[in-house]
Structure formats: structure tokens, C-alpha cells
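Participant: coordinates only, sequence not included:
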């Protein structure tokens, strides 16, 4: 008696199986996104309306936490410092990676090695980078003051002066994130057709004119996206003031994220810390929406 073999799957069955696999991966991603993104945001909203020490039962206090943080003298200073840090980071940390990418793109030799050198700070743990710069900024044997002394210039109190503390943090942040931005810009530059540069050279355009009329227009989209991402990231600066200055001197480097940490873990006021975080989130959401609306025509 002949055995009956298994029928081969139909086309519809194969498609259903492929779709099922795709939906499986999608569900896993949605679960991770919900647990690590949406749930913390919902939890933050709830905590901002509660008095909660995670030991006793939480008490609903309404907007009292917001009133507490707004009345704090450090509240306004934290927002001013955060805005100043973001502005300085745009002047330094937004321009330097783009310029570095242009230089790397023009080189003919040692490209791979220089890419590695530029990206090396990104591979270091942030704590290691910050501690390295803490030695650089040391007013005694620090590297930066030794360099100034070599040129017979007076040393600076990099982290101990209200005039230099914030810009010192910007320098650290720029160095730590230089590699990522540079490689992203470099990838965008390599997609520009070489014929455009050749045509510009035939028209007598020099290097700066080629950058202005070819490079920047061809990379406008990535420039706009990176600008938005950098503003969002720098508005949440925390590790630099936390490890280098502790918010000092005289609250000159207290940022919104650092003040949020102080409320939650130094003062034990988790509701106040959540209120700070919620306000920062709302500001970033509103800014992102306005920015995307305004830049829609340029993209």
C-alpha cells in the first residue's frame, strides 16, 4: 500500500508563515519599546503627581511637586545653564564634526586610520572619558595648564571658575561625541556625486564655494536631522556636571537633568525629580514638533 506523502505548502501558506515570523519580530520590538520607553514616561507622569518614597503608600499631591521645583532658586539657573550649554554645544560640537568629515573626505591616504582615531572616544566608556578630562583640567599637574605654561601663559581654574566651568563641560561633551557625528556626516558626503564637484571646479569654484554650493545643499537633510538630535541630546546633559563639577561652582553648571537627579536621589523627593523630568520632556516634544514643522519645507 503506497504511503501518502505530506502535501507541499501552498503559496498562501508560505506567505502566512513569513508574515507570522515578521509579526513575531515586530511584537518583540514593540514589547521592548513599551517597557523601556512608554512605561517609564507614563510612570514619570504618575510620580510627578505623587509623594512617593517607594516604601510607604504613595499620596496624591496634585501639582504640589511642580510648585516645589519652580520655587527652588536653582530651577531658573538650571534652565539657563542648560540653554547655554546647548547653544555652546551647537557652536562647537555641531560644526567641528562636519568640518572633520569634510577633511576626512578630501584625504587620499590613511583614511581608515584617521576614522578609527576620530571614532576612538566613542568606544571609551563615558565615565573613563570624563575622568580623563578631569585630570586634563586639574589646576596643578593638569595637561591643559601644562600646555599653557609651555607657552608662558597663566593657568586657568577650568572647573573651579564660573567663567570657564560650563565651556569646559562643552569641550568634554564635544570630544566624547565627535566620532559619531563625523562618521554620519562622512557617510552623507560620500553619497554626493563626484560630477557635481567636477562641474563646480570647471566653473572656477574654490574649496569654500564648493562646500557652500555643493556640499551643504546636498547634505541639508542630514544636517537638519543631526541638528535636532544634538539639541535633544545636549538638553539632557547629565554625566559631565555630575562627575566633573557637581553642579558648581555657585550652581554655574547645574542643568535640568542634574537637578532632577538631585531631587530624586539626594533629596529623596522622587515626585519633584519626576516633575523636572516631565517639564523637560514637554519642552523637548514641543520644540521637536515646531522644528519639524518649520523644517518640513527644507526637506
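Facilitator: That came in fine, so what should we check first? As the structure is a prediction and not an experimental result, all values here were calculated from the model.

Participant: give me the mean pLDDT for stretch 142-154.
Facilitator: Mean pLDDT, stretch 142-154: 91.

Participant: and it, which residues are buried?
Facilitator: 142, 144-145 (16 or more other C-beta atoms under 10 Å). All C-beta spots, glycine's among them, are computed from the backbone N, C-alpha and C.

Participant: now the helices for the stretch 51-200 of the chain?
Facilitator: Here the stretch 51-200 of the chain has its helices, by DSSP state H, counting those that start in this stretch, at 64-71, 73-93, 95-106, 111-123, 126-136, 143-150, 165-189, 194-202.

Participant: could you export these as TSV, including distance to residue 226?
Facilitator: As requested, those are exported to TSV (distance: least, C-beta to C-beta, whole Å):
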stretch	distance to residue 226
helix 64-71	31
helix 73-93	10
helix 95-106	8
helix 111-123	15
helix 126-136	20
helix 143-150	28
helix 165-189	6
helix 194-202	21
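
Participant: quick one, which of those is nearest to residue 234?
Facilitator: helix 73-93 (4.4 Å; C-beta to C-beta).

Participant: hmm, back to that, right, and out of the buried residues of stretch 142-154, which lies closest to residue 218?
Facilitator: Set against residue 218, the nearest of the buried residues of stretch 142-154 by C-beta to C-beta is residue 144 (37.4 Å).

Participant: who's in contact with the closest one?
Facilitator: By C-beta atoms under 8 Å, 6 or more residues apart in numbering, the contact set of residue 144 is 136-137, 156, 158.

Participant: got the residues you listed as a markdown table, with distance to residue 290 columns?
Facilitator: Listed next are the contacts of residue 144 as a markdown table, based on distance: C-beta to C-beta, whole Å:
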| residue | distance to residue 290 |
| --- | --- |
| 136 | 38 |
| 137 | 36 |
| 156 | 38 |
| 158 | 35 |
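
Participant: now, of these, which are buried?
Facilitator: Judged by 16+ other C-beta under 10 Å, buried ones among these: 136-137, 156, 158.

Participant: out of those residues, the closest to residue 270 would be?
Facilitator: Nearest to residue 270 out of the buried ones among the contacts of residue 144 is residue 137 (C-beta to C-beta; 32.6 Å).

Participant: need the contact list for that closest one.
Facilitator: 144, 158-159, 168, 244.

Participant: quick one: it from residue 157, how far?
Facilitator: From residue 137 over to residue 157 the distance is 9 Å, taken as C-beta to C-beta, to the nearest Å.

Participant: burial measure for residue 88, as a count.
Facilitator: Counted with other C-beta atoms under 10 Å, residues neighbouring residue 88 total 18.

Participant: start at 875, not 1
Facilitator: That works, and once the first residue is 875, the last one we named lands at residue 962.

Participant: what pLDDT does the nearest residue to it once chain neighbours are set aside get?
Facilitator: Nearest residue to residue 962 in three dimensions, chain neighbours excluded: residue 1044, at 4.5 Å (C-beta to C-beta, 6 or more residues apart in numbering). Predicted confidence (pLDDT) for residue 1044: 94.

Participant: cool, and residue 1154?
Facilitator: The model reports residue 1154 with a pLDDT of 95.

Participant: now do the contacts for it.
Facilitator: Contacts for residue 1154 (C-beta under 8 Å, 6+ apart) come out as 1109-1110, 1130-1131, 1134.

Participant: got the residue ranges for the strands in the stretch 1025-1173 of the chain?
Facilitator: Read by DSSP state E, counting those that start in this stretch, the stretch 1025-1173 of the chain holds no strands at all.

Participant: and stretch 1002-1013, which residues are buried?
Facilitator: For stretch 1002-1013, by 16+ other C-beta under 10 Å, it's 1003-1004, 1006-1008, 1010-1012.

Participant: closest to residue 923 among those residues?
Facilitator: residue 1004 (34.2 Å).

Participant: would you check that the closest one makes contact with residue 1113?
Facilitator: Yes - Residue 1004 lies in contact with residue 1113 (C-beta atoms under 8 Å); the separation is 6.2 Å.

Participant: before we move on, the earlier item: looking at the buried ones among the contacts of residue 1018, which is nearest residue 1077?
Facilitator: residue 1010 (45.6 Å).

Participant: and the closest one, what's its pLDDT?
Facilitator: Taking residue 1010 on its own, its pLDDT is 93.

Participant: who touches it in this structure?
Facilitator: Contact analysis of residue 1010 by C-beta under 8 Å, 6+ apart lists 1016-1018.

Participant: having no further points to raise, I will conclude here.
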